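**Student:** Can you look at this prediction? I've put the sequence above it.
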Amino acid sequence: MTVTEMCWKAEYKGSAAAVFVKYLRRLACDPTMLPRARTFVVVQSSGMGKSRMVNEVAKTVITVPMNFHSDDIDKGYPPPDNRLRQWLLGLSGIEDAEGRTDPETRKDRVTTRCEAFVESLLTTLLSHLEGISAEAPSRVKGMRVDDLAQRFREKMEEDQSFKGHGKYRETFYEEVISGATKIIETTTASHASTSSSAVTDATPPLSGSRKWSRDEDTTLKRAAERLVDALKDRLEFRGNEQPTVLLAFDGSHEFKTFSRTRLRDGDPGWSLYSELRSALRQLVGHPIFSVFLPSTPVYFSSPKLPTEFDLSSRIQRSGLKVLIPYSELGFDNLAIRVADDGALRLDDVACLKHMCSLGRPLFATRYLCGDESIKAAVIDFATDQLLAMRMSSGTMLSKDQKLACLAVRLPLEFTLDSALSSNQVEEHMRVCLSAEPGGGLQGLLTVASSEPLLAEASMRAFKLSQSNASEHLRYCMQSSDLSTGGRGELAASLMLLTARDDALGSHEGYTVSVVQFLEALIGKGVSGDGVKPYCFRDNDITSGREPLVAETPLRETFRRSRIWFNHFIRVRSDELINRCYLWRYIVRGAAVCCATGGKGVHFVIPFIYHDAVLASSNVSAILIQVQDDDQFQTSIHPPLFDGIDPFRINLFSQKSQQKSLPVIRMVFALGASDSAVEFREPLLPQASGVSQHQYTAYDIWCAGATPATFLVIKDADQEHYREMIKMPGSLSDPYAEARIFAPRRGLEEERSGLRQMMYPGAGTDDEFFSQYVDLSKSTCDDLGMEVRGAQGDGTATMEATEDLSEEEEYEDEDATEEGESGDE
């Protein structure tokens, strides 16, 4: 059995399937839902579990699975239904012997084929369901609908392997094809004439399509009625439950088959997809739904059609409503949940196993089910998935591929209805939070969800291709599709990530020391004896647990402090700067890009202060403010540092019983014309000789976006950074914010919760964290109360590694340049 097969058969995790079933049953039972077209698209990037969710739904809802992916062993699992694909998507019976058919006839034949296919599919389904119920004669009357659904699912998966499907499923679709062929053969010339009747002004259909009214009696409608009536008669239902049926078209992006031949001027044309949906619209009023699972959001990523030809507009004018595309598949469903109890060390989360568990299930299942060679190559696999191609040394990346690499690490946001955003969902694993019905790109909201494994894949891709990140980021920022945030924000975030990568170098593992990071960012001067705290608090200790005094240099204070981040999360609330939340970002290997217009700090890089113990009480941070105004030059401007008071911004709380830790405050004066790195002189001691300050802080002023200030800016990069800093900033769409955070009730609350899970760490609600954090075990009191949430039973906490002593696990930074191991 291949690793892909094992992944498919692994236990399903998460609530996405259950929420989807509730959604279908609500649509089936709610009278207000009756005038809706019963077809919709699941819009999401690859690896998020679209097919797996539908397979899980099939345990409780009668589901007909159809796989139209091309017959390619690399396309995934389950295998395609080749015979069905060839019949429905092929040209047999569409073209004449010479491959020539006039556009009107060609379209009529496709329309007829689609209607015959749906009718035969329902008839064949009824026949097989009757056969299954007959196998249990004692329960012919009163068989539970979920029992029948599960039995049908099992039969459709009998003897399924990577090479193909079993006999039952192949026979099923042979019967569907045979029945549809007979229907087509008996279709009369008058039926074909009706299918191509003239277009009226009242409801202008695509020219050449068969016009039918909702009250018209068709053989397809009668087939649907027979199926629903038989299920009602034979099955047992709870309450007002309806005999819901789901037709699942996996790989439906293949329905681009047949070009959109224009039948008259202004006609946008048609496709197999448009004609199949036209046939399925005849099922309105019955609890029979059709879900399309394309690998790309192709159906609404095409340009907006003129109103008279827009399929959605036609549906609405005919009295039907359009179902909103569905995107809520959840996230972190296989995450290793961690508690804030100090039981773990930093390396327990800064490792490949933990990274793979976070994000989409594609990588988690592959790591869990694979052998050692599969696990060792999982970053290579993630790189290929991110780029949608096999990556090797020297491979040139396209502009879209470079953007994909930047988008999984930097806090990049796209405007709504962005063509760039749609392409990233299609090809490069960007997460779609929601989409609105209608043609074009209407309401496509995508986000850079936190996936540390993809961030590592991005770093690998840029390294192998030798691409210049600053050059391409500058190019991307010129697009109106990109929300760039505050001026200088993206440039600064790229510098910080580059410093982390450079500090890591060729070391094993994924963490670096605070001192290594700062040296990679601004040079060795930060390790000098003269870099002393601007202010300090009595009784503070260094990360090595020695007493901290006014003369203690930065390198000694943070000698054993370590950083783990490889990407940024843009947070939507200033509350998240508190260390009760910051330790959760360390768990994901993320640093924080603060809410726009926040409390004087733009970036927070959290770190573990001493002993590598993973706990909120052991978290401090590098606090960074970015200024692009040229009024700030090489001279230190004290009020800017004063505005980054760790208590005022709520990094630490005065109400907390937990002790504050030393912090590092930095100001990037990127608009300065000259270069300088200045360390703020210590305050004069109090007359009593006792410090009255509440915290210890080291202040660093960095002027000018030049190689002389920032080591990460090379000579070839300087012009790119200069241009990025000059570009005007742009803010995220407030409508998008509302769709993420707006309060919901009932089923909508559950769907909203799934959306929040798909954007981990973005807000303060429990759903942004509950998948990977055990919220029932928090010990943090910096918020003046227990951290919100008591979800989970507390049994899913990651097993702690052996408690090694500090001397065994970490060598003195002065004695070695080696980083600790970050793998298992």
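**Tutor:** Sure, I can see it. Numbering: from 1, shown residues only.
**Student:** Would you mind pulling up the elements that the longest helix belonging to the chain packs against?
**Tutor:** Scanning the chain for the helix with the most residues, using DSSP state H, yields helix 103-134. Under the contact criterion of 3 or more Cβ pairs under 8 Å, 6 or more residues apart in numbering; DSSP states H and E, helix 103-134 touches strand 62-67, helix 145-156, helix 167-185, helix 189-195, helix 219-234, helix 272-280. No exception for glycine: its C-beta is placed from N, CA and C like everyone else's.
**Student:** Contacts only, for residue 496.
**Tutor:** 521, 591, 603, 605, 624 (Cβ atoms under 8 Å, 6 or more residues apart in numbering).
**Student:** Which pair in those has the greatest spatial separation?
**Tutor:** 521 and 591 (12.8 Å; Cβ to Cβ).
**Student:** So which of the two has more stuff around it?
**Tutor:** A side-by-side neighbour count of residue 521 and residue 591, using other Cβ atoms under 10 Å, places residue 591 first with 28 against 24.
**Student:** you'd agree that one is in a strand?
**Tutor:** Yes: when DSSP: H, G, I helix; E, B strand; the rest coil is applied, residue 591 is found to be in a strand.
**Student:** Which strand in this protein has the most residues?
**Tutor:** strand 619-627 (DSSP state E).
**Student:** And what about residue 243, helix, strand or coil?
**Tutor:** Under three-state DSSP, residue 243 comes out as coil.
**Student:** What is the burial count for it?
**Tutor:** Residue 243 has 24 nearby residues by other Cβ under 10 Å.
**Student:** so it makes contact with residue 228?
**Tutor:** Yes: Residue 243 lies in contact with residue 228 (Cβ atoms under 8 Å); the separation is 5.9 Å.
**Student:** Can you check which residues contact both of these two?
**Tutor:** Common neighbours of residue 243 and residue 228 (Cβ under 8 Å, 6+ apart) are residue 287.
**Student:** quick revisit: closest one of the contacts of residue 496 to residue 562?
**Tutor:** residue 605 (11.5 Å).
**Student:** That closest one sits in which helix or strand?
**Tutor:** Per DSSP states H and E: residue 605 is located in strand 603-608.
**Student:** pLDDT (mean, whole number) over that strand?
**Tutor:** The predicted model gives strand 603-608 an average pLDDT of 97.
**Student:** From the contact counts, what lies against it?
**Tutor:** Using 3+ Cβ pairs under 8 Å, 6+ apart, strand 603-608 sits against helix 489-504, strand 562-563, helix 579-588, strand 590-593, strand 619-627.
**Student:** Work out the gap between whichever helix or strand comes after the longest one and the centre of the chain.
**Tutor:** Meaning helix 489-504. Where DSSP H and E defines the elements, the next helix or strand beyond helix 489-504 is strand 512-513. Offset of strand 512-513 from its chain centre (Cα atoms, centre = their mean, to the nearest Å): 28 Å.
**Student:** Kindly report the same for stretch 626-636.
**Tutor:** Per Cα atoms, centre = their mean, the centroid offset for stretch 626-636 relative to its chain is 37 Å.
**Student:** got it, and stretch 455-473?
**Tutor:** That offset, for stretch 455-473, works out to 20 Å (Cα atoms, centre = their mean).
**Student:** for it, which positions count as buried?
**Tutor:** Residues of stretch 455-473 classed as buried: 455-462, 465, 467-470, 472-473 (neighbour count, 16 or more other Cβ atoms under 10 Å).
**Student:** can you put the helices and strands packed on strand 603-608 in JSON lines and add mean pLDDT and distance to residue 150?
**Tutor:** Below are the helices and strands packed on strand 603-608 laid out as JSON lines (pLDDT from 0 to 100; distance: least, Cβ to Cβ, whole Å):
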{"stretch": "helix 489-504", "mean pLDDT": "95", "distance to residue 150": "48"}
{"stretch": "strand 562-563", "mean pLDDT": "97", "distance to residue 150": "49"}
{"stretch": "helix 579-588", "mean pLDDT": "96", "distance to residue 150": "36"}
{"stretch": "strand 590-593", "mean pLDDT": "96", "distance to residue 150": "40"}
{"stretch": "strand 619-627", "mean pLDDT": "96", "distance to residue 150": "47"}
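**Student:** Of all the ones you listed, which one is nearest residue 451?
**Tutor:** helix 579-588 (8.7 Å).
**Student:** which helices and strands sit right next to that closest one?
**Tutor:** helix 346-349, strand 590-593, strand 603-608, strand 619-627.
**Student:** Output the ones you listed in TSV, with distance to residue 428 appended to each entry.
**Tutor:** Output for these, formatted as TSV (distance: least, Cβ to Cβ, whole Å):
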stretch	distance to residue 428
helix 346-349	26
strand 590-593	19
strand 603-608	25
strand 619-627	28
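**Student:** Would you tell me which of the ones you listed gets closest to residue 144?
**Tutor:** Nearest to residue 144, of the helices and strands packed on helix 579-588 and by Cβ to Cβ, is helix 346-349 at 43.5 Å.
**Student:** Moving along the chain from that closest one, name the first helix or strand you hit.
**Tutor:** Next along the chain from helix 346-349, counting by DSSP H and E, comes helix 352-357.
**Student:** what helices or strands is whichever helix or strand comes after that next one leaning on?
**Tutor:** Note on helix 352-357: by DSSP H and E, the next helix or strand toward the C-terminus is helix 361-369. With contacts defined as 3+ Cβ pairs under 8 Å, 6+ apart, helix 361-369 has these neighbours: helix 3-9, helix 352-357, helix 372-376, helix 378-387.
**Student:** quick one, helix 361-369 and helix 378-387 angle?
**Tutor:** Computed by axes from the mean of the first three to the mean of the last three Cα atoms, to 10 degrees, the angle separating helix 361-369 from helix 378-387 equals 160 degrees.
**Student:** Excluding its own residues, what touches helix 361-369? List them.
**Tutor:** Under Cβ under 8 Å, 6+ apart, the answer for helix 361-369 is 3, 6-7, 10, 13, 46-49, 52, 333-335, 352-353, 356-358, 374-375, 378, 381-382, 385, 451, 453.
**Student:** Report the buried members of those.
**Tutor:** By 16+ other Cβ under 10 Å, the contacts of helix 361-369 give 3, 7, 13, 46-49, 52, 333-335, 352-353, 356-358, 375, 378, 381-382, 385, 451, 453 as buried.
**Student:** Confirm residue 404 sits in a strand?
**Tutor:** No: counting by three-state DSSP, residue 404 is not part of a strand but helix.
**Student:** Quick check: it touching residue 387?
**Tutor:** Yes: between residue 404 and residue 387 there is a contact under Cβ under 8 Å: 6.8 Å.
**Student:** Ramachandran angles for the closest residue to residue 392 other than its chain neighbours?
**Tutor:** The shortest distance from residue 392 to any non-neighbouring residue, by Cβ to Cβ, 6 or more residues apart in numbering, is to residue 464 (6.8 Å). The phi and psi values for residue 464, taken as degrees, to the nearest 10, are phi -70, psi -30.
**Student:** what do you get for residue 673?
**Tutor:** According to degrees, to the nearest 10, residue 673 has phi -80, psi -20.
**Student:** So what's the residue count around it?
**Tutor:** 10.
**Student:** And for residue 159?
**Tutor:** So residue 159, with other Cβ under 10 Å, has 11 neighbours.
**Student:** Now do the contacts for it.
**Tutor:** With Cβ under 8 Å, 6+ apart, residue 159 has these contacts: 165, 166, 167, 168.
**Student:** what residue ranges in the stretch 501-650 of the chain score low on pLDDT?
**Tutor:** Along the stretch 501-650 of the chain, segments meeting pLDDT under 70 span 596-598.
**Student:** give me that answer again for 80
**Tutor:** 506, 596-599 (pLDDT under 80).
**Student:** separation between the spatially closest residue to residue 652 that is not a sequence neighbour and residue 603?
**Tutor:** What sits nearest to residue 652 in space, not counting adjacent residues and going by Cβ to Cβ, 6+ apart, is residue 660, at 4.2 Å. Using Cβ to Cβ, to the nearest Å, one obtains 20 Å as the distance from residue 660 to residue 603.
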